[in-house]
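*Asks:* After the sequence you'll find the predicted model.
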Amino acid sequence: MDIKVKKMTDEEAKKLGVFGWPTWEKEQSEFDWHYDSREECFFLEGEVEVTDSSGKTAFIRKGDFATFPQGLGCRWKVIKKVRKHYNFG
């Protein structure tokens, strides 16, 4: 179960309709999370490290498009306040 992260321009995000998705914000913190369904998200600001149960860490920053698979258990470390658009399903 890999977390997929890729750079995406605002233009590419616009084509996917990302800017119509809800937004989520989180201050600097650490917490455990489990994905009951697949999530796609586009980071508008911030920086995080997300470590899965096998110890693999994904580094996600402003301008990144990330996909988290259904069933993933992980630990989020928010290094710089995050604001992102997200979509479940």
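*Replies:* Happy to help now that I have it. Numbers count the residues shown, from 1 in each chain.

*Asks:* what are the bridge partners for Lys7, then?
*Replies:* For Lys7, the beta-bridge partners under DSSP bridges are Asp64.

*Asks:* From Leu44, how far off is it?
*Replies:* Lys7 is 14 Å from Leu44, where distance means CB to CB, to the nearest Å. C-beta: built from backbone N, CA, C; applies to glycine.

*Asks:* Could you list every helix and strand in contact with the top strand by length along the chain?
*Replies:* The residue-count maximum for a strand in the chain (DSSP state E) belongs to strand 73-88. On a contact count with 3 or more CB pairs under 8 Å, 6 or more residues apart in numbering; DSSP states H and E, strand 73-88 meets strand 23-26, strand 29-34, strand 39-52.

*Asks:* Just the buried residues of it, please?
*Replies:* Cys74, Trp76, Val78, Val82, Lys84, His85, Tyr86, Asn87 (16 or more other CB atoms under 10 Å).

*Asks:* Adding pLDDT and distance to Glu25 as columns, could you present those residues in TSV?
*Replies:* Converted to TSV, the buried residues of strand 73-88 look like this (pLDDT from 0 to 100; distance: CB to CB, whole Å):
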residue	pLDDT	distance to Glu25
Cys74	97	19
Trp76	98	13
Val78	98	10
Val82	98	6
Lys84	98	8
His85	98	11
Tyr86	98	11
Asn87	97	16
